[in-house]
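Peer 1: Sequence and predicted model, in that order:
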Amino acid sequence: MEKPTIRLTQFSEGSGCGCKIAPAVLDSILANRKSVDLVDTQLLVGNSSKDDAAVYQVNDTVAMINTVDFFTPIVDDAYDFGRIAAANALSDVFAMGGQPLFANAILSWPVEKIDPLLASEVLEGGREICHKAGIPLAGGHSIAAKDPIFGLSVNGIIHLDNIKTNKGAQDGDLIYITKPLGIGVLATALKRDKIKEDDYTNMIFYATQINSIGKDFGLLEYVHAMTDVTGFGVLGHLVEMAEGARLTAVIQGNSLPLIEGVSDYISQFVFPDNTYRNWNAYSGKSEGIVGMELVKFCDPQTNGGLMVAVDPKSQKVFESVLEQHQQKAWLIGEFNTQSATVVKVV
């Protein structure tokens, strides 16, 4: 693995989706509003449900999806930074069951500290991912600022019958995730100059993998809810899904998949500081997570996999769909009747 002359990660205190504002702080920001939101019955999904994207009905059958997602560098290579950020932004549309139409870029660059030509490599990486998703990178906006930041605003489309929110799970639904965990751990190993070449290759593979299977899941009536696993870790997103559906998520602790090599770094206490931020935010709503298991539950993911709630009566059909699309997925638990604990690990 050749090291770039300029290490972009040294310009970011938090990297990738790990630089999200802490959940409690974000809640206080959103709660401190002095004006009332305009009531619009065509806005089907907005701020209230902490979902992945906004959804707006445009006619009797079709809705538009819009999201914006950006962050500071998670890797040192500019091209890979652009690819990861673009794939992560597109994931919000796929997590709603939708199809992206086009994207606009969001770019902040410290032009006096980092060669602007590297910014063009970031954009090229973003353009490649958009091309793979079958959409144009139509334009964007850029500013000169102290931190390198890149992301996309993505517009998509969906049939009204196919919208998947993060709060639609039903009692008994099975919970699947479509990527192994550990992106945050590997990104921290990279930043600390401890990552092995094979582990870096694995990180780039999963972090740039487009979650396009989400638009296929959107067509399945027995998929009741969906979200993508990002900066709040699998525990945070389980809490959002369970609370939204007024259920409890029961998770088989040994079923959570990890990217190969991640366990070795965890044993060396190599993981993001924001892992503790997530634990502090969600530990009071969970039980059964012991010792260093908190890392795999709270590791902030960047372009993590989709988390899907599936009717148990359709388990075999769903798994056959996964096989048809050559899509891996891991069954990690199920949603049960609501109890005092939001996420229970057994």
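Peer 2: It's in.
Peer 1: Can you name the element that comes right after the helix-or-strand element of the chain with minimal mean pLDDT?
Peer 2: In the chain, no helix or strand scores lower on mean pLDDT, DSSP states H and E than helix 23-31, which sits at a mean of 66. Scanning forward in sequence from helix 23-31 by DSSP states H and E, the next helix or strand is strand 43-45.
Peer 1: So in that sheet, which strands flank that following strand, and in what orientation?
Peer 2: As defined by DSSP bridges, the strand partners of strand 43-45 come to strand 54-57 (antiparallel).
Peer 1: Pull out the buried residues from the strand it pairs with.
Peer 2: Neighbour-count burial for strand 54-57, counted by 16 or more other C-beta atoms under 10 Å, picks out Ala54, Val55, Gln57. No exception for glycine: its C-beta is placed from N, CA and C like everyone else's.
Peer 1: check contacts around the last one.
Peer 2: In this structure, Gln57 makes contact with Gln42, Leu43, Leu44, Ala63, Leu160, judged by C-beta atoms under 8 Å, 6 or more residues apart in numbering.
Peer 1: Quick check: closest non-adjacent residue to the first one.
Peer 2: Spelled out, that is Gln42. Gln57 (4.4 Å; C-beta to C-beta, 6 or more residues apart in numbering).
Peer 1: With the second one instead?
Peer 2: Take Leu43 and drop its neighbours on the chain: the residue closest to it by C-beta to C-beta, 6+ apart is Tyr56, 5.6 Å away.
Peer 1: Quick one: the helices in the stretch 101-250 of the chain, in order.
Peer 2: In the stretch 101-250 of the chain, the helices defined using DSSP state H, counting those that start in this stretch lie at 116-132, 183-191, 197-207, 213-217, 233-245.
Peer 1: if we can go back for a sec, verify the contact between the residue nearest to Leu43 and Gln42 for me.
Peer 2: Yes - using C-beta atoms under 8 Å, Tyr56 is in contact with Gln42, at 5.8 Å.
Peer 1: Quick one: neighbours of Gly253, just the number.
Peer 2: When neighbours are counted by other C-beta atoms under 10 Å, Gly253 registers 16.
Peer 1: how close does the closest residue to it other than its chain neighbours get to Pro180?
Peer 2: Leaving aside its sequence neighbours, Gly253 sits nearest to Val345 (C-beta to C-beta, 6+ apart; 4.5 Å). Computed as C-beta to C-beta, to the nearest Å, the Val345 to Pro180 distance reads 17 Å.
Peer 1: More neighbours: these two, which one.
Peer 2: Val345 (23 against 20).
Peer 1: ok, Leu294 touching Phe271?
Peer 2: No - with contact defined as C-beta under 8 Å, Leu294 does not reach Phe271; the gap is 9.5 Å.
Peer 1: If you count surrounding residues, which of those two has more?
Peer 2: The neighbour comparison of Leu294 against Phe271 (other C-beta under 10 Å) goes to Phe271, with 25 against 20.
Peer 1: still on that earlier bit, just give me the closest of the buried residues of strand 54-57 to Asp77.
Peer 2: Ala54 (31.7 Å; C-beta to C-beta).
Peer 1: what's the closest non-adjacent residue to the residue located most distally from the centre of the chain?
Peer 2: The outermost residue of the chain, judged against the average C-alpha position, is Glu112 (31.6 Å), by C-alpha atoms, centre = their mean. Nearest non-adjacent residue to Glu112, counting by C-beta to C-beta, 6+ apart: Ala144, 7.9 Å away.
Peer 1: so what's that neighbour up against?
Peer 2: So Ala144 contacts Ser108, Trp109, Pro110, Val111, Glu112 (C-beta under 8 Å, 6+ apart).
Peer 1: Just among the residues you listed, which is most surrounded?
Peer 2: Trp109 (22 neighbours).
Peer 1: ok, that residue touching Lys146?
Peer 2: No - using C-beta under 8 Å, Trp109 is not in contact with Lys146; the gap is 9.8 Å.
Peer 1: Buried residues in stretch 122-133, which are they?
Peer 2: Within stretch 122-133, the residues that count as buried by 16+ other C-beta under 10 Å are Val122, Leu123, Gly125, Gly126, Arg127, Glu128, Ile129, Cys130, Ala133.
Peer 1: what's the closest non-adjacent residue to Lys215?
Peer 2: Gln99 (5.0 Å).
Peer 1: Pull the distance from stretch 207-223 to the chain's centre.
Peer 2: Centre-to-centre, stretch 207-223 and its host chain are 13 Å apart (C-alpha atoms, centre = their mean, to the nearest Å).
Peer 1: Work out for me the element Val317 sits within.
Peer 2: Counting by DSSP H and E, the element that carries Val317 is helix 315-324.
Peer 1: next one: that helix to chain centre, how far?
Peer 2: Mean-position distance between helix 315-324 and its chain equals 23 Å (C-alpha atoms, centre = their mean).
Peer 1: Any buried residues in that helix, and which?
Peer 2: By 16+ other C-beta under 10 Å, the buried positions in helix 315-324 come out as Phe318, Val321, Leu322.
Peer 1: Identify the residues contacting it?
Peer 2: Residues outside helix 315-324 that contact it (C-beta under 8 Å, 6+ apart) are Leu174, Tyr176, Asp216, Leu220, Tyr222, Val223, Val310, Lys328, Ala329.
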